[in-house]
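[1] have a look at this fold, sequence not included:
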């Protein structure tokens, strides 16, 4: 006879049994501490904790009739009092195989009066096995019993990123409904359980969610993020760009949901620890650092399977498996009885995880009742319990647990329909996966549309607003639909102005006002990236995800001139910026696109758009820096910066920079002063009038060709060219400022930007 029983009345186990359980619990905690220490050793860029310096106190002491100060070591600080371990702690701690940190958990349980927010996210990706169904039900009920509120994050967008269910959101939604139905039937107490669909919640608070995600992406290297990629069941080195976005979003979820405790499987520990590391990396002193309570991963039924796998039906028992299927799978399960292999026995792991979960739990096999896993192990070793009896008892126990679920899916019509759909979707997805993948079709972009993407620089430059404006006006006059997008969110992502959002707002506002002055009445639309995104966040971010699904990380790196597969030293924010720029092009439906910086040229070409080359009108005036561009964070090279004309500096400096500008006589190529003179003439629409001292006359040059020819022949000397360029520059800027001064808020805006630049320069000096 085999089966299972429970002691009536919920009485306590004997002292011997309790001692055995305590030893087992101690072993788990020691293993958890070992894993955590290993994590600390492997965490890149994290310095070891400095030893605490004890304080010192001074007191006066007489010596030779004089009082002098003598320092003595202060008394050692009192050890911090530990939070009490009550029944709530004793209940919740049994949920986790590992806890970071136990003292934080005890303090939280002791001090928080409101219900503690536990969080788990699940990706709707197919049928549910008993590790996700029964074990999760047990753990949730323990948490809610101990003053907890459990939030399930139904991660439909995440399943889309991981290409589950053929990348169909409709199928993914149906699978999510199926999982909820299973938990209801499995006995989960839903009174303090909440199911939140990620796509719905994110769209309701899109600005909050996505800015948090961008901030997390700013803090970590690509190498650190790829270490988290096992949460998707994928190996490093075969990643798509969407799979870099995945852990960043999962980390964001924790803060977005205001989770006190992350209660996920041990396989998710790396991304959960990322959330704790983020609080340290971002210097978020007030940020709530989540506690990580990671439950045990149940072994797969076959040999050397660390966890149950949905992709291998023999590896797992599913929640609606028939009685016969359960028996067949238990009969085929790996079941070694050698002492050194008992820890690898999946049936015994099942008994530990599913059966002995309460103090009064029992397990009956071969006609005998056992009260602990240790007793079952001992019986197998002394052969008083046979393997066939163990298999049968495990199957009987499982079938009893699954019977309410089977009944629900047989008798509840809606649940029955959902299950049939899930099975059909799974079959279709498997068939689609076997077919050769087709390259994503290039978007049919509008040939008559042009897009200019502008990344603000830490010090706004005259070249940026003049060059983009002049090129945009020409295209608009030719009948094209032209848009200028100011990339405020990408600027934040790439750490422009040190990632200071307030400073970026000032820069964007200031730059936008200059564009308005430069463009005049031209039919050019100037928009803010964040406003465009937030007008339809669902469409935009699904577009970003789809760009990432189609693009291998290695390919993106090649397009940006980086080795993203190695990931060493590369920032994760560049990958996300690349995806956002692609979606910006696709949403604008523009065939002709000017990148924010040349690094993104290849990314734009991936969309099928043509890269617009925007020639500099006001180039860097230093030798060898013609065409120089800022880095991703909006900062120009140190050697080039003093020779770049910015918008906030006094006009007197313009003349000084031109005077010092590189200008070799009779050489036109690579001559920034000559290029500036030609550009200013085109902007003003006036010939460049040059007073020639040697000849004693003044000559006006109406075209670039005329001026270049005269300069290369020696008819125009640098000493004559520079004063003419200085005058032309002063006139162009004065004309633009005449329009800007009509804007009452412009002066205040310029003052804010000037102060911000000084502040950033001061902070940079301190860092040096």
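    Now that the structure is in, tell me what you want to look at. All figures in this text were calculated on a predicted structure; none of them were measured in a lab. Residues are numbered from 1 along each chain as shown.
[2] poorly predicted segments of the stretch 551-700 of the chain, please.
    For the stretch 551-700 of the chain, applying pLDDT under 70 flags the ranges 567-568.
[3] which residues of it fall in strands?
    Along the stretch 551-700 of the chain, counting by DSSP state E, counting those that start in this stretch, strands occupy 590-594, 610-611, 688-692, 697-701.
[4] ok, now the stretch 151-300 of the chain?
    193-197, 261-262, 291-294.
[5] now render those as TSV, adding mean neighbour count, distance to residue 694 and mean pLDDT.
    The C-beta positions use only the backbone N, C-alpha and C, and glycine is treated the same way. Conversion of those to TSV gives the following (neighbours: other C-beta atoms under 10 Å; distance: least, C-beta to C-beta, whole Å; pLDDT from 0 to 100):
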stretch	mean neighbour count	distance to residue 694	mean pLDDT
strand 193-197	17	78	92
strand 261-262	26	78	96
strand 291-294	25	78	96
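[6] need the ones you listed in CSV with distance to residue 174, can you?
    Listed next are the strands of the stretch 151-300 of the chain as CSV, based on distance: least, C-beta to C-beta, whole Å:
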stretch, distance to residue 174
strand 193-197, 12
strand 261-262, 27
strand 291-294, 29
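[7] looking at those strands, which is nearest to residue 205?
    strand 193-197 (11.4 Å; C-beta to C-beta).
[8] what's the closest of the strands of the stretch 151-300 of the chain to residue 217?
    Among the strands of the stretch 151-300 of the chain, strand 261-262 sits nearest to residue 217 (C-beta to C-beta), with 19.4 Å.
[9] give me the contact list for the closest one.
    Residues outside strand 261-262 that contact it (C-beta atoms under 8 Å, 6 or more residues apart in numbering): 105, 108, 116-120, 143, 148, 254, 268, 272, 275, 290-294.
[10] okay, now the sheet partners of that strand, with direction.
    According to DSSP bridges, strand 261-262 forms sheet pairs with strand 116-122 (parallel), strand 291-294 (parallel).
[11] can you add distance to residue 155 and give those strands back as a markdown table?
    Compiled in a markdown table, the strands paired with strand 261-262 are given as follows (distance: least, C-beta to C-beta, whole Å):
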| stretch | distance to residue 155 |
| --- | --- |
| strand 116-122 | 5 |
| strand 291-294 | 18 |
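[12] looking at those, which is nearest to residue 520?
    Residue 520 lies closest, by C-beta to C-beta, to one member of those: strand 116-122, at 51.1 Å.
[13] and the closest one, how far out from the chain middle?
    Distance of strand 116-122 from the chain centroid (C-alpha atoms, centre = their mean, to the nearest Å) equals 19 Å.
[14] relative to strand 193-197, how tilted is that strand?
    Angle of strand 116-122 versus strand 193-197, following axes from the mean of the first three to the mean of the last three C-alpha atoms, to 10 degrees, is 50 degrees.
[15] show residues contacting stretch 666-679.
    466, 615-626, 658, 661-664, 688, 704, 707-708, 711-714, 718, 721-722, 724-725, 728-729.
[16] buried ones among those?
    Buried subset of the contacts of stretch 666-679 (neighbour count, 16 or more other C-beta atoms under 10 Å): 466, 616-622, 625-626, 658, 661-663, 688, 704, 707-708, 711-712, 718, 721-722, 724-725, 728-729.
[17] where does the chain dip in pLDDT?
    1-75, 161-163, 166-167, 230-237, 284-287, 436-444, 567-568, 766-768.
[18] nearest residue to the middle of it?
    By C-alpha atoms, centre = their mean, the chain has its centre lying nearest to residue 248, at 2.2 Å.
[19] that residue: what's it in contact with?
    Counting by C-beta under 8 Å, 6+ apart, residue 248 touches 213, 216-217, 225, 572, 576.
[20] partners of the residue lying closest to residue 196 once chain neighbours are set aside in the sheet?
    In space, and not counting its chain neighbours, residue 196 is closest to residue 153: 5.8 Å by C-beta to C-beta, 6 or more residues apart in numbering. Under DSSP bridges, the beta-bridge partners of residue 153 are residue 121, residue 196.
[21] counting neighbours, what do you get for residue 153?
    23 (other C-beta atoms under 10 Å).
[22] quick one: contacts for it?
    With C-beta under 8 Å, 6+ apart, residue 153 has these contacts: 119-122, 196, 198, 253, 257.
[23] the residues you listed: which two are farthest apart?
    Spatial extent of those (C-beta to C-beta) is set by the pair 122 and 257 at 13.5 Å.
[24] any idea how far the closest residue to residue 205 other than its chain neighbours is from residue 269?
    Residue nearest to residue 205 in three dimensions, not counting chain neighbours: residue 256, with 7.5 Å by C-beta to C-beta, 6+ apart. Using C-beta to C-beta, to the nearest Å, residue 256 is found at 20 Å from residue 269.
[25] what does residue 552 give?
    Counting by C-beta to C-beta, the gap from residue 552 to residue 269 is 27 Å.
[26] for residue 641, same thing?
    44 Å.
[27] between these two, tell me which one has more neighbours.
    A count of neighbours by other C-beta under 10 Å puts residue 269 above the other of residue 641 and residue 269, at 23 against 17.
[28] where's residue 722, which helix or strand?
    helix 718-740 (DSSP states H and E).
[29] from the contact counts, what lies against that helix?
    Contacts defined by 3 or more C-beta pairs under 8 Å, 6 or more residues apart in numbering; DSSP states H and E place helix 718-740 against helix 501-519, helix 651-660, helix 672-684, strand 688-692.
[30] tell me which of the ones you listed sits most buried.
    helix 672-684 (a mean of 23; mean count of other C-beta atoms under 10 Å).
[31] quick one: contacts of stretch 373-382?
    20, 24, 337, 339, 342, 348, 351-352, 356, 363, 365-366, 368, 370, 385, 387, 390.
[32] correct me, but residue 591 touches residue 609?
    Yes - between residue 591 and residue 609 there is a contact under C-beta atoms under 8 Å: 5.8 Å.
[33] so between these two, which is more surrounded?
    More neighbours surround residue 609 than the other of residue 591 and residue 609, with 25 against 21 (other C-beta under 10 Å).
[34] which residue, other than its chain neighbours, is closest to the more buried one?
    residue 593 (4.5 Å).
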